[in-house]
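# I would like the atomic coordinates for the input below:
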Amino acid sequence: MKIARLAFLSFLILSIAFADDDIDLQTALKDFCTLLYGLVGQLAFVMVLLSSMVFTAGQFFGAETRARMSVWANSMLIGAITGILMVILVPWFLGILISTDFSAADCSFTAK
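Residues are numbered from 1 along each chain as shown. The predicted structure follows:
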């Protein structure tokens with residue numbers, strides 16, 4: 001959990017730090033949102049692929065190792081699904097809370 005927070009904060013800080021001088025915080029956060037939308041699909045694909053490989057590899061070992069690898073594979077699959085659901089549902093939920101609509105095309109909230 002700490003690693004995920006550290007990765008999220010480092011992506012956020014890097015997107016703000018490497019922004020141009022004339023770009024404000026809102027634009028930097030939009031760039032971070034675009035980066036996040038670009039990465040989530042690819043990372044989810046890799047996690048699903050790795051989970052299937054781990055599960056398949058676990059079938060060649062003994063019962064205890066097979067059970068552990070099955071748990072690892074399920075954890076990766078659930079992580080991929082959770083990441084996709086968070087990227088879809090969190091902006092929608094925030095839009096409901098602040099009474100705006102979220103546009104995934106340009107990562108912005110617009111008034112209703």
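
# List the buried residues for stretch 43-60?
44, 47, 48, 51, 54, 55, 58 (16 or more other C-beta atoms under 10 Å). All C-beta atoms are positioned from the backbone trio N, CA, C, and that covers glycine.

# Export these to a markdown table and append columns for distance to residue 91, secondary structure and pLDDT.
Formatted as a markdown table, the buried residues of stretch 43-60 follow (distance: C-beta to C-beta, whole Å; DSSP: H, G, I helix; E, B strand; the rest coil; pLDDT from 0 to 100):
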| residue | distance to residue 91 | secondary structure | pLDDT |
| --- | --- | --- | --- |
| 44 | 17 | helix | 92 |
| 47 | 21 | helix | 93 |
| 48 | 23 | helix | 94 |
| 51 | 26 | helix | 95 |
| 54 | 31 | helix | 94 |
| 55 | 32 | helix | 94 |
| 58 | 36 | helix | 93 |
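
# For residue 76, state which of those residues is nearest.
Top of the list for closeness to residue 76, among the buried residues of stretch 43-60 and by C-beta to C-beta, is residue 51 at 3.7 Å.

# residues touching the closest one, list them.
The neighbours of residue 51, taking C-beta atoms under 8 Å, 6 or more residues apart in numbering as the test, are 72, 73, 74, 75, 76, 77, 80.

# so how far is residue 78 from it?
Residue 51 sits 9 Å away from residue 78, taking C-beta to C-beta, to the nearest Å as the criterion.

# Likewise for residue 54?
When residue 54 is compared with residue 78 (using C-beta to C-beta), they lie 13 Å apart.

# How about residue 34?
Using C-beta to C-beta, which is the criterion applied here, residue 34 is 26 Å from residue 78.
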